[in-house]
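Asker: Structure for the following, please:
(3 chains)
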Amino acid sequence: MQELERTVADLARRVGALEDELAIHRQIVRYGLAVDVGDADGAAAVFTEDTVYDVDGPLLMRGRDGVRDMVRGPRHQAMLPNCAHQIGPAVVELSGERATAIGYSRVYLNRDGGIGIYRVSFNRWELERRGGEWLIARRTTRLVGHAEARAVFRPETD
Amino acid sequence: MQELERTVADLARRVGALEDELAIHRQIVRYGLAVDVGDADGAAAVFTEDTVYDVDGPLLMRGRDGVRDMVRGPRHQAMLPNCAHQIGPAVVELSGERATAIGYSRVYLNRDGGIGIYRVSFNRWELERRGGEWLIARRTTRLVGHAEARAVFRPETD
Amino acid sequence: MQELERTVADLARRVGALEDELAIHRQIVRYGLAVDVGDADGAAAVFTEDTVYDVDGPLLMRGRDGVRDMVRGPRHQAMLPNCAHQIGPAVVELSGERATAIGYSRVYLNRDGGIGIYRVSFNRWELERRGGEWLIARRTTRLVGHAEARAVFRPETD
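Answerer: Reported below is the predicted structural model:
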């Protein structure tokens, strides 16, 4: 009986890890779904209140308000409704109440009837579980070819 | 003992939800794998018998036969073997025997030796579990920038 | 009690299958993350020691050393740091200690300040579990439109 209880406890831990991994994939993807319909609150909701979202260095958003301001700002509004922000593939690594995902993102734009690639980026998402929900505490994005892009994938070695 | 039984029953429900989510991702992706090799039956098999597959409004396929006809039709045949229909990222939401996925799709074409983007789209897949299998009962696709694309991701608010 | 034990054993099998599917997705994606930072050992580590990695036929890599040589070779080095190798979507099929994944890959290049598509490919990954880890024993890649691309997705029928 004790062995069965241990087996069940071990299974519960493994199931929790699977749920975490899928929840993190959903959460990083949801950002794109939200910004592409101009949903500033939805985009902000995948981040922690005190998040830092760093795009190539110059565009540094702080907190959910920083994300909301970017979505409502002139640069993003000029892309609507012609943009598609697609996240992944990414690899998730869990570490208790924290997790890291590294992977790619792409932005497409429909301009003058043709669809082109606006950005392809390397990303690192640092997530925390708060109130039972995985939230992005920091997202670092660098354009492919950017001098700091390599360090996004390999922070410990660069 | 009763508590252990309850724990195991709860785990079984959670494992079922994980299996459903992965099965749905596989099923929506398989459509692309099938149409890119001209497999009309394989493409039709991911839909329900009475499916509706709506591409931008004008191209409205009804039932598996509608999907088969499209795959065998002149427009799709002219793209073979030079097309790649790639699905995702998408976010799945389960609701008992039904589920919804929202996300992106892209079609690439190899033309004159160069590979270009033919389409980037917003999608909503409405799925039902029938006979133990998740099938697409309705797929709504709109080109990025299409006037109805936003409503594909946020049907309740538009 | 015996029934509960059977239920738990069945759950353990299902959880193992879910873990396998996610582990295989991570492993095929990691290849891209590694080659894009020039990590020859990381790229080689996702393959078996005696792997075969076949790109369009002419580029045939044998063993982890073959993969390392390609990453360190002039052609790949000339693409760094401006390339992004993105894997997926893919569908995984498990068969005991072996598994197959079929799906897409894309390579993007940042050239002269603009980001273009360098390759879009059809892939089949044949994996084996060795020492508790899923490794790629064979990867077959064909450019979209290549005469052999269809057979990558449907080897049994072509």
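Asker: Can you mark which positions in the strand or helix carrying residue A:21 are buried?
Answerer: Element membership of residue A:21 [criterion: DSSP states H and E] is helix A:2-35. For helix A:2-35, burial by neighbour count (16 or more other C-beta atoms under 10 Å in any protein chain shown) applies to A:4, A:7-8, A:11-12, A:14-15, A:18-35. C-beta coordinates here come from the backbone N, C-alpha and C atoms, glycine included.
Asker: That one vs chain B: in contact?
Answerer: Yes. Contact of helix A:2-35 with chain B (C-beta under 8 Å from any C-beta of the partner chain) involves A:4-5, A:8, A:11-12, A:15, A:18-19, A:22, A:25-26, A:29-30, A:32-33.
Asker: Tell me the one of these nearest residue C:76?
Answerer: Checking the residues of helix A:2-35 next to chain B against residue C:76 by C-beta to C-beta gives residue A:25 as the nearest, at 28.6 Å.
Asker: and that closest one, what does it touch?
Answerer: Neighbouring residues of residue A:25 by C-beta atoms under 8 Å, 6 or more residues apart in numbering or on different chains: A:88, A:90, A:92, A:101, B:89.
Asker: any idea of the angle the helix holding residue A:21 forms with helix C:2-35?
Answerer: 40 degrees (axes from the mean of the first three to the mean of the last three C-alpha atoms, to 10 degrees).
Asker: On the C-terminal side of helix A:2-35, identify the next helix or strand.
Answerer: Scanning forward in sequence from helix A:2-35 by DSSP H and E, the next helix or strand is helix A:40-44.
Asker: and the next helix or strand after that following helix, which strands flank it?
Answerer: Where DSSP H and E defines the elements, the next helix or strand beyond helix A:40-44 is strand A:47-55. Strand A:47-55 pairs in its sheet with strand A:59-62 (antiparallel), strand A:133-143 (parallel), by DSSP bridges.
Asker: Rebuild those strands as TSV, extending it with mean neighbour count, mean pLDDT and distance to residue C:64.
Answerer: Below are those laid out as TSV (neighbours: other C-beta atoms under 10 Å in any protein chain shown; pLDDT from 0 to 100; distance: least, C-beta to C-beta, whole Å):
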stretch	mean neighbour count	mean pLDDT	distance to residue C:64
strand A:59-62	14	96	40
strand A:133-143	20	98	29
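Asker: Look at the closest residue to chain C within chain A and give its secondary structure.
Answerer: Here the residue of chain A nearest chain C is residue A:145; by C-beta to the nearest C-beta that distance is 3.6 Å. For residue A:145, the secondary structure call by DSSP: H, G, I helix; E, B strand; the rest coil comes out as coil.
Asker: ok, now which ones touch it?
Answerer: C:81, C:82, C:110.
Asker: Show me which strand runs longest in chain A.
Answerer: When chain A is parsed with DSSP state E, its longest strand is strand A:114-130.
Asker: Please see if that one touches chain C.
Answerer: Yes. Using C-beta under 8 Å from any C-beta, strand A:114-130 reaches chain C at A:117, A:119, A:120, A:122.
Asker: Mind listing the residues bridging to residue A:116?
Answerer: The partner residues for residue A:116, given DSSP bridges, come to residue A:109.
Asker: Can you tell me the centre-most residue of chain A?
Answerer: Ranked by distance to the mean C-alpha position of chain A (C-alpha atoms, centre = their mean), the top residue is residue A:28 at 3.5 Å.
Asker: re earlier: dump the contacts of residue A:145 to JSON lines, plus neighbour count.
Answerer: Shown next, in JSON lines, are the contacts of residue A:145 (neighbours: other C-beta atoms under 10 Å in any protein chain shown):
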{"residue": "C:81", "neighbour count": "17"}
{"residue": "C:82", "neighbour count": "18"}
{"residue": "C:110", "neighbour count": "21"}
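Asker: Which two of the residues of helix A:2-35 next to chain B have the greatest separation?
Answerer: Using C-beta to C-beta, the two most remote members of those are A:4 and A:32, lying 43.5 Å apart.
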